[in-house]
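Student: no sequence for this one, just the structure:
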């Protein structure tokens, strides 16, 4: 049988494209050439253990999409998800990849938040109420992420919580109580009680997760999150009696979660 080379050429091109496509999507094993590869089944993929919520503080969801795919004044930035005012949810970075959203800061013992977290941006200017559609979409996304990625539901924080000296988002108007009613975030449960004599609010703040390098900034972040109050840049921000009751409850809940 006679084969026409011109007839075979398209098939060869197609086969080559398929092979290249397969190679492009096949993960490259990260095996160190200096060591013998003796694989163990006792491992799993590195994954996020916390979710960080942000407010975009820009003029539109389109502007935020552009910024999150390019850069802001301090360089390239990104987030895993962006939720528009209408509740439409966009994904910009794969769940298993490291997005550049948290910057410097810490939460508890975690100091590289980008590597340990999922970042969710919400189209909002701090000081403006969030839309019902946004929070509905956020709750649906949080349910998916905590279930699918096995992230504890209490591990949902704001950007200002981990970086109180630099950030204020998602702001004092963010509805943390509504998230708590759905089971997300750390929130005081039951009736609040006065703490016992000798109660140390700073140990409680550390137990919750707040960084304490600048204590007034930590108090301001705490007030935004748990009191719905913005102290601005008050360098004298301090705890009142209600703060102490909240911290007593939160620290007890955090301690109860430890194995």
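Tutor: Looks like it arrived, so ask away. No experiment lies behind these values; they were computed from the predicted model shown.
Student: in whichever strand or helix holds residue 160, which residues are buried?
Tutor: In this structure, residue 160 is located in helix 159-162 according to DSSP states H and E. For helix 159-162, the neighbour count (16 or more other C-beta atoms under 10 Å) marks 159, 160, 161, 162 as buried. No exception for glycine: its C-beta is placed from N, CA and C like everyone else's.
Student: for residue 127, state which of the residues you listed is nearest.
Tutor: Ranked by distance to residue 127 (C-beta to C-beta), these are led by residue 160 at 13.2 Å.
Student: quick one on the thing from earlier: past the helix holding residue 160, which element shows up next along the chain?
Tutor: helix 176-181.
Student: packing partners of that following helix?
Tutor: helix 132-148 (3 or more C-beta pairs under 8 Å, 6 or more residues apart in numbering; DSSP states H and E).
Student: now do 10 Å
Tutor: Judged by 3 or more C-beta pairs under 10 Å, 6 or more residues apart in numbering; DSSP states H and E, helix 176-181 is in contact with helix 132-148, strand 156-158, helix 215-226.
Student: just checking, next helix/strand downstream of that helix?
Tutor: helix 201-208.
Student: report the angle between that following helix and helix 215-226.
Tutor: With axes from the mean of the first three to the mean of the last three C-alpha atoms, to 10 degrees defining the directions, helix 201-208 sits at 60 degrees from helix 215-226.
Student: how distant is helix 201-208 from the center of its chain?
Tutor: Using C-alpha atoms, centre = their mean, to the nearest Å, the distance from the centre of helix 201-208 to the centre of the chain it belongs to is 21 Å.
Student: flag every buried residue along it.
Tutor: Per 16+ other C-beta under 10 Å, helix 201-208 contains these buried residues: 201, 204, 205, 206, 207, 208.
Student: wait, what's in contact with the third one?
Tutor: Taking C-beta atoms under 10 Å, 6 or more residues apart in numbering, we find residue 205 in contact with 211, 212, 215, 218, 219, 221, 222, 239, 243, 247, 250, 251.
Student: could I get the pLDDT score of the residue nearest the centre of the chain?
Tutor: Central residue of the chain (C-alpha atoms, centre = their mean): residue 52, 2.2 Å from the mean position. With respect to pLDDT, residue 52 scores 98.
Student: who is it paired with across the strands?
Tutor: residue 119, residue 157 (DSSP bridges).
Student: circling back to that earlier point, from the buried residues of helix 159-162, pick the one nearest residue 60.
Tutor: residue 159 (19.8 Å).
Student: where does the stretch 1-150 of the chain have low pLDDT?
Tutor: Scanning the stretch 1-150 of the chain for pLDDT under 70 picks out 1-29.
Student: ok, back up a step: tell me the one of the contacts of residue 205 nearest residue 189?
Tutor: Of all the contacts of residue 205, the one with the least separation from residue 189 (C-beta to C-beta) is residue 250, at 9.3 Å.
Student: who's in contact with the closest one?
Tutor: Contacts of residue 250 (C-beta under 10 Å, 6+ apart): 186, 187, 188, 189, 204, 205, 207, 208, 209, 222, 226.
Student: quick check: the farthest pair among those residues?
Tutor: So, those by C-beta to C-beta: farthest apart are 189 and 205, at 18.2 Å.
Student: let me see the domain layout of the protein.
Tutor: 50-181, 201-257 (automatic domain parsing).
Student: mind checking how far residue 181 is from residue 231?
Tutor: 25 Å (C-beta to C-beta, to the nearest Å).
Student: and these two? Which one has more around it.
Tutor: Between residue 181 and residue 231, residue 231 has the larger neighbour count (other C-beta atoms under 10 Å), namely 19 against 11.
Student: assign the more buried one to helix, strand or coil.
Tutor: coil (DSSP: H, G, I helix; E, B strand; the rest coil).
Student: and it, what does it touch?
Tutor: Residue 231 neighbours (C-beta under 10 Å, 6+ apart): 172, 216, 217, 219, 220, 221, 222, 223, 224, 237, 238.
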